[in-house]
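>>> Got a sequence here, can you model it:
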Amino acid sequence: MEAIERLIVSETDTPPATPSGAAAEQARRAGRETLSQLLRRTRARTLRLAEAFESALGPALAVPQSPELNPPLWELGHIAWFTDRWVARQPAHQRERGARADPTATLAPARQAARGLDADALYDSSGVPHDARWSLPLPDLAATRADLQASLDETLARLARAPDTDDGLYAFRLALFHEDMHDEAWCYMAQALDIDAGESAPPPPAANDSTLSLDACVWTLGWQGPGFAFDNELGSQTVELAPFDIDAQAVTWARYLPAVDARAVPVPRYLKHDNGRWWQRAAGQWHALDLSAPACHLSATEALAWCAWAARRLPTEAEWEHAAHHAPGFHWGQAWEWTASPFAPFPGFEPHPYRDYSLPWFDGRPVLKGASWATAPQMRHPRYRNFFTADRCDILAGFRSVALPR
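The predicted structure is shown next:
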C-alpha cells in the first residue's frame, strides 16, 4: 500500500510528463486507507475551485444560463447529493453488492430533509432538467459547504467500516471519480466564463511531430483485470488492426493553424490573430499562443476538417489504445483526444446501478481517449472512455492523426 500511496501522491502533486495510467490503475484497486486520502484530496480541490469561483462571481455563484454549463452552486450540491445517494443513503446490504446493487432499493432520507428540503428534487441530475437548474431554490453557499463537509465525514466513517473488497469499495470509488469529473468540468467552465479558476495547463513538452509505426495486431478493448471499472469499459471487443502510422503526440497549434490560414477550418474558440501573431484567452487574460502546445478546445468536427485538409484521419479507439500501451514515445495527457469510434457498448455490456452514466449516451457521439491537464491523476487511464457530442469545443479536447494508406 505504501508504494501505491507514493505513486498517487507524486502524480497528484505534479502530473507526469508521460502519464502511464499507473496511478489510475492503482487507485481503482486501492484499499480503504488510500481511498480515504484520495477522497480528502479531491474534496480539497473541489473547495479550492469553489473559492476561486466565489472570488470571481460572488457568493451567489451566479452564471448565465448556457447548455455548456451548470450553475456552480448546483454543481457543489450535486456532488454532495451524489455521494450521499450511493454511500450514506443506500442500504448497506445493497452497497456491499457493488456493481450488482439494486438501484431501485429504498433509500434513507437525505440529510437536507431535516431542513425541509427535498434534495432529490434539487440535485438529482437524472430527474432535474438542465435548464431548470437555474430556477431551483438552492441552499446558499455556506449551507452547501456544510452539506459537503457532512457528506465527506459520513462517507469516510462508512468507508472505515466497509469490506475491503472490490464490491465493498465500489460506491466509494464511484463517488471519488464522479467528483474528479466535476472538478475537471469546473476548469472548462471557468474558461467559458472567462475567469481564473486557479489552475492552468503546465508548459507543454518539447514538440514532437514524428510518426510512430505500428504493425498489424489483434487488440482487445475493455477493462482488464480486477478493481473498479465503469460499466462502458466492461465486456470485451476484439479488433484486428492493420499496420498504421500515428502521431507521437496530439496535433500542435503549429500544425493546426496553417489550416486556419487556408480557411479549411474556422478560427478556434479562445484564439485571435492580432499584430502578426496568435493570442489565446485563458484565466481571463490574453496570452501569446505557445505554438508547441497541443491544439485544444477543438470540436470533433474541427478535428475531422483538419484531417481532410491534411489528408490524414483520426485514429480509432482501438488504434489509440494499442499505441498508448505499446508504442514508445507515444505522449498523451495534456488534452483529451477525439477518435473516429462511436461511443457504443462492448459485447456483454450491462449497466451498473448508476444507470445514467453510459446507457443514455450510446447515440453515435465519438469516444475521446487520454486525459487533459485538468484530469485528476487517478482518472488518467488509457482504457478510460470519455464521450461528448462532436460539436463540443468548450471541453479540453484536441486530437492526433493517422496517415492514410498509401
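>>> Closest to the centroid, which residue in this structure?
For the chain, Met181 is the residue whose C-alpha lies nearest the centre (C-alpha atoms, centre = their mean; 4.6 Å).
>>> isn't there a helix covering that one?
Yes - assessed with DSSP: H, G, I helix; E, B strand; the rest coil, Met181 lies in a helix.
>>> list the contacts for it?
Counting by C-beta atoms under 8 Å, 6 or more residues apart in numbering, Met181 touches Met379. Every C-beta, even on glycine, is put in place using the N, C-alpha and C of the backbone.
>>> now swap in Gly222 and tell me
Glu233, Leu234, Gly235, Ser236, Gln237, Phe346, Arg383.
>>> Quick check on the first one: phi, psi?
What that stands for is Glu233. phi -90, psi -10 (degrees, to the nearest 10).
>>> Could you give the number of residues near it?
19 (other C-beta atoms under 10 Å).
>>> Quick check, pLDDT for it.
At Glu233, the pLDDT value in this model is 98.
>>> Hmm, Arg383 and it touching each other?
Yes - Glu233 lies in contact with Arg383 (C-beta atoms under 8 Å); the separation is 5.9 Å.
>>> Now for these two: what residues contact both?
Common neighbours of Glu233 and Arg383 (C-beta under 8 Å, 6+ apart) are Gly222, Trp223.
>>> And the helices in this protein?
Using DSSP state H, the helices of the chain run over residues 2-13, 22-27, 32-57, 72-83, 92-95, 119-123, 141-161, 166-193, 253-261, 300-310, 317-326.
>>> Contacts only, for the closest residue in space to Leu359 that isn't next to it in sequence.
The shortest distance from Leu359 to any non-neighbouring residue, by C-beta to C-beta, 6 or more residues apart in numbering, is to Pro351 (4.9 Å). By C-beta under 8 Å, 6+ apart, the contact set of Pro351 is Asp231, Tyr357, Ser358, Leu359.
>>> quick one: which of those is nearest to Asp245?
Proximity of the contacts of Pro351 to Asp245 was ranked by C-beta to C-beta; the top entry is Ser358 with 31.7 Å.
>>> count of neighbours near the closest residue to that closest one other than its chain neighbours?
Nearest residue to Ser358 in three dimensions, chain neighbours excluded: Asn232, at 4.1 Å (C-beta to C-beta, 6+ apart). Using other C-beta under 10 Å, the number of residues around Asn232 comes to 24.
>>> Equivalent analysis for Leu136, please.
Other residues near Leu136 come to 15 when the count uses other C-beta under 10 Å.
>>> which phi and psi does the residue nearest to Leu359 have?
Torsion angles, degrees, to the nearest 10, at Pro351: phi -70, psi 140.
>>> Distance of it relative to His381?
20 Å (C-beta to C-beta, to the nearest Å).
>>> Check Trp278 too.
For Trp278 relative to His381 (C-beta to C-beta), the value is 33 Å.
>>> Neighbour count for those two, which is higher?
Ranked by neighbour count (other C-beta under 10 Å), Trp278 and His381 place His381 first, with 26 against 17.
>>> Skip the chain neighbours and tell me the closest residue to that one.
According to C-beta to C-beta, 6+ apart, the nearest residue to His381 is Ala24 (3.8 Å).
>>> That neighbour: how many residues sit nearby?
By other C-beta under 10 Å, 26 other residues sit near Ala24.
>>> Distance of it relative to Pro205?
For Ala24, the distance to Pro205 - C-beta to C-beta - is 20 Å.
>>> ok, now Asn275?
From Asn275 across to Pro205, the span is 28 Å (C-beta to C-beta).
>>> Looking only at neighbour counts, state which of those two leads.
Set Asn275 next to Pro205 and count neighbours by other C-beta under 10 Å: Pro205 wins out with 15 against 5.
>>> what pLDDT does the more buried one get?
Pro205 is given a pLDDT of 86.
>>> Confirm for me that it is in contact with His331.
Yes - here Pro205 reaches His331: they are 6.1 Å apart, a contact under C-beta under 8 Å.
>>> Please report phi then psi for the nearest residue to Leu73 once chain neighbours are set aside.
Leaving aside its sequence neighbours, Leu73 sits nearest to Leu61 (C-beta to C-beta, 6+ apart; 4.6 Å). Dihedral angles of Leu61 (phi, psi; degrees, to the nearest 10) stand at phi 50, psi 40.
>>> Neighbours of Leu61, how many?
20.
>>> for the one 10 residues further on, same thing?
Applying other C-beta under 10 Å, we find 21 other residues in the vicinity of Pro71.
>>> what about the nearest residue to Ala150 once chain neighbours are set aside, distance to Asp140?
Using C-beta to C-beta, 6+ apart and skipping the chain neighbours, the partner closest in space to Ala150 is Arg111 (6.0 Å). Going from Arg111 to Asp140 by C-beta to C-beta gives 16 Å.
>>> and those two? which has more neighbours close in?
The neighbour count for Arg111 versus Asp140, taken as other C-beta under 10 Å, is higher for Arg111 (19 against 12).
>>> Just confirm that one contacts Ala146, I think it does.
No - applying C-beta under 8 Å, one finds Arg111 not in contact with Ala146, separated by 9.8 Å.
>>> coming back round to it: among the contacts of Pro351, name the buried ones.
Asp231, Tyr357, Ser358 (16 or more other C-beta atoms under 10 Å).
>>> So the last one versus Ala175, what's the distance?
When C-beta to C-beta is the yardstick, Ser358 and Ala175 sit 17 Å from each other.
>>> now do the second one
Relative to Ala175, Tyr357 is positioned 13 Å away (C-beta to C-beta).
>>> OK, contacts around Thr211?
Contacts of Thr211 by C-beta under 8 Å, 6+ apart are Asp245, Ile246, Asp247, Ala248, Ala403.
>>> Distance check, the fourth one against Ala327.
The span separating Ala248 from Ala327 equals 8 Å under the rule C-beta to C-beta.
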